[in-house]
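Enquirer: let me see the structure of the following:
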Amino acid sequence: MAAKQTDVHHEAVSRRHHNASGFRRSGAHVVATCLSPHRISSMASVAGAGGEEEAAPAGDAVRADEEARALLTPSGDDDEEEEEEEEEDLEERAYEAAEKVIVSISDDPDGDVDLEAVALASSSSVAPPFSWRKLWLFTGPGFLMSIAFLDPGNLEGDLQAGAVAGDTLLWLLMWATAMGLLVQLLAARLGVATGRHLAELCRDEYPDWARLALWLMAEVAMVGADIQEVIGSAIAIKILSRGYLPLWAGVVITALDCFIFLSLENYGVRKLEAVFAILIATMAVSFAWMFTDTKPNMKDLFIGILVPKLSSRTIRQAVGVVGCVIMPHNVFLHSALVQSRKIDTNKEHQVREALRYYSIESTIALAVSFMINLFVTTVFAKGFYGTKEAGSIGLENAGQYLQEKFGGGFLPILYIWGIGLLAAGQSSTITGTYAGQFIMGGFLNLKLKKWIRSLITRSFAIVPTIIVAVFFDTSDSALDVLNEWLNVLQSIQIPFALIPLITLVSKEQVMGVFKIGRNTQAVTWTVATLLITINGYLLLDFFSSETRGVLSGSILGLAVLAYASFVLYLILRGTELSSQIAASIRKGFS
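Expert: The predicted model follows:
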C-alpha cells in the first residue's frame, strides 16, 4: 500500500511539472496576444492623442500584466483537476502520454508554432485542410487492424471457398470486407471520441456480472483465435524447414519471437508499426507472385466480383467467408490502437481530423487485405475447383497440393505459400497478444507492466496450443476438424463485441456530438443482425451434425437458452426497446 501511495505521489509531482509547463505556455500566449500588432497599434493611437490620455496605455499594460499573472497562477480549480488526474492515473490506459505519436503541430516541442494561430484554429469545430504529411502520421493502426482479415483462419476460408466454389464467392468477399470496414470504423470512432477503448467503456457501462461475462467471452474468443494463428505460423515453419521442425517446435518458436517483436514497442510505436508493414508487404508479394504464376482466368474473376451468385452447394463456404470478417478481439484492438496518437478529445476539430485520417487509412488497409484474400481464393479456384481434391484441402496440406499442381520454377510455389503463411501467422499472433493485453487490462482495470500482461496473455494460449500441436501433428483431417471447432467458438463470441460497440457509439452520454445518427444506427443494427444470423446458421448447421443423443441435446438446449438470453439482454440494454418495454409494463400495472 505504501509503495502504491509513493507511486501516486511521484506521478502527482510529475503531473504538477507538466501543468507548470502548460501554465508557462499559456503565459507565453497571453504575452504574445498583448504584444500583437493590433494591440500595439491601438496603444500607439491612444498615446498619440496626448494630454491626460497618455496614462491610459500604462494602465492597460498593468491590467494586461495582471491578467497574465492570473493565468500563470494555478487556482483551486486546477488543484481539483490534479486530484482527478491522479485518480485517472490509477486506471489502466492503452498508451501512456510519453508513448503517443505527436500528430498536432501545436504539440510538437521542437516546432516553430504561431500560438495565436493555433488558438484561433482551436476555437473551430471544423477539421483543418487535408495534409499528406498528417495522413502519414496517422497511418499505422488501420494496418495493424487489417491483420485480422489476413490471419491463417481467413486464409483457410479463402482456399476452401476457391477450391469448392471457384470465383463465384468473390462478390461476397468484397461486401463482407465492406461490412467489416463499417464495424472497424465504429471501433475507431469510439476510441478517438472518448479517449478510451471498448473494454474500458464496457467496464463502466455494464454491471459486474455482465462485465465479467463479456470479459470471459472475449478471452475465450482470443484463445481460439490465438491457437489458429500460432498453428498457422507453426505449419509455415514446418513447410520452410522441409518437415525437420515438428508442429510443436514451430509453436514454441512463434511464441518466443512474438515477445521479441512486441519488445520493439519500447523503442516507439512507429517501430512496431514498421514491422507490421514489412509483414503485410511480404504477404502481398508472396500471394501476388502465386497469382501471376498460376495465371487465373481474369474474365471469371471480374464476373465473380460483379455478379452475385450463390448455390446450396456453397452455402457453408459462403457463411465461412462472412464469418471470418468480424473477429471479436479485433474490435477491441482497433478502439485501443487509435489512441496511439496524441489527440485532445476536448477539441472537436482534432477529433474530426483524426476520424477523417483514420477512415482513409482503414479503407486503404482493408482494400489491401481484400486484394490479398482475392489472390489466395483465385489461386485455389484455378488449381482445384471441380477436382476431387477440392473437399480435402486445408491449411496443413495446401502447400503440398499447390506444389503437385503447379510445380517449381525459380522459387517453388510451396515455399512462396510457406513464406506468405508465415507472415500471416507471425503478424496475427503479435496483434492477438496485443489485443489480449487491452482486453484484460480494460475489463479488469489491471495496471501492470506491458511485459507482464504479454506473459499472462501468451500463457492463456500457448499451453493449449502446444497440446494441440502434439496431439494433432500426425493427422491433417484432425487439424481441419479442430479448425472447424475454433471457427465455431469465435462465431459464438461475435455478438459480445458487436452489440456493446453499437450500444456505446449510439449513446450521447458516451460520444457527445460524435454519437452516430439514427440512419447510421439503423444500418449498423441491420449489419449486426445479418452477421449474427449468418453465424447462427453456421452454429445450427455445425451442432446439428455433431450432436447425438438426448443428454447431449438437452445440455446443448440449455446452453443455447442461456446464450440467447444474454444476447437479448445486451440488445435490450443497447436500444430504446428496453425503456419502451418497461413503460408498457408500468402502464399495464397502473
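
Enquirer: ok, now how distant is the residue most central in space within the chain from Asn519?
Expert: In the chain, the C-alpha nearest the mean C-alpha coordinate belongs to His334, at 1.8 Å (Cα atoms, centre = their mean). To Asn519, His334 is 23 Å away according to Cβ to Cβ, to the nearest Å. C-beta coordinates here come from the backbone N, C-alpha and C atoms, glycine included.

Enquirer: isn't Glu361 right up against Lys134?
Expert: No. The criterion here is Cβ atoms under 8 Å, and Glu361 misses it with Lys134 at 10.8 Å.

Enquirer: and these two? Which one has more around it.
Expert: Glu361 (22 against 19; other Cβ atoms under 10 Å).

Enquirer: quick check: closest non-adjacent residue to the more buried one.
Expert: Leaving aside its chain neighbours, Glu361 sits nearest to Gly142 (3.9 Å; criterion: Cβ to Cβ, 6 or more residues apart in numbering).

Enquirer: and the host helix or strand of the one you found, what other elements does it pack with?
Expert: For Gly142, the element it lies in under DSSP states H and E is helix 141-146. Judged by 3 or more Cβ pairs under 8 Å, 6 or more residues apart in numbering; DSSP states H and E, helix 141-146 is in contact with helix 170-194, helix 269-294, helix 328-337, helix 348-384.

Enquirer: average pLDDT for the helix or strand following the shortest one?
Expert: Beyond helix 328-337 in the direction of the C-terminus, DSSP H and E gives the next helix or strand as strand 341-342. Mean pLDDT, taken over the full extent of strand 341-342, equals 90.

Enquirer: name the helices or strands packed onto strand 341-342?
Expert: The contact analysis (3+ Cβ pairs under 8 Å, 6+ apart) places strand 341-342 against strand 101-102.

Enquirer: about what we covered before: quick one: the helix holding Gly142 to chain centroid distance?
Expert: Averaging C-alpha positions (Cα atoms, centre = their mean, to the nearest Å) puts helix 141-146 7 Å from its chain's average.

Enquirer: pLDDT averaged over the strand or helix carrying Ala424, what's the number?
Expert: Assigned by DSSP H and E, Ala424 belongs to helix 413-444. Computed over helix 413-444, the mean pLDDT rounds to 90.

Enquirer: using PDB, list the CA coordinates for the next helix or strand after it.
Expert: Next helix or strand after helix 413-444 toward the C-terminus (DSSP H and E): helix 450-472. Coordinates of each C-alpha in helix 450-472 appear next as PDB, following Å, rounded to 0.1, in the frame of the first residue of the first chain:
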ATOM      1  CA  LYS A 450       3.300  -4.500 -20.500                       C
ATOM      2  CA  TRP A 451       5.700  -7.400 -20.500                       C
ATOM      3  CA  ILE A 452       3.800  -8.900 -17.600                       C
ATOM      4  CA  ARG A 453       0.500  -8.500 -19.400                       C
ATOM      5  CA  SER A 454       2.000 -10.000 -22.500                       C
ATOM      6  CA  LEU A 455       3.300 -13.000 -20.500                       C
ATOM      7  CA  ILE A 456      -0.200 -13.600 -19.000                       C
ATOM      8  CA  THR A 457      -1.900 -13.300 -22.300                       C
ATOM      9  CA  ARG A 458       0.600 -15.600 -24.000                       C
ATOM     10  CA  SER A 459       0.200 -18.200 -21.200                       C
ATOM     11  CA  PHE A 460      -3.600 -18.400 -21.800                       C
ATOM     12  CA  ALA A 461      -3.000 -19.600 -25.300                       C
ATOM     13  CA  ILE A 462       0.400 -21.200 -25.500                       C
ATOM     14  CA  VAL A 463      -0.300 -24.200 -23.300                       C
ATOM     15  CA  PRO A 464      -3.400 -25.400 -25.100                       C
ATOM     16  CA  THR A 465      -1.700 -24.700 -28.400                       C
ATOM     17  CA  ILE A 466       1.300 -26.900 -27.600                       C
ATOM     18  CA  ILE A 467      -1.200 -29.700 -26.500                       C
ATOM     19  CA  VAL A 468      -3.000 -29.300 -29.900                       C
ATOM     20  CA  ALA A 469       0.300 -29.400 -31.800                       C
ATOM     21  CA  VAL A 470       1.500 -32.600 -30.100                       C
ATOM     22  CA  PHE A 471      -1.800 -34.500 -30.500                       C
ATOM     23  CA  PHE A 472      -2.900 -33.300 -34.000                       C
END
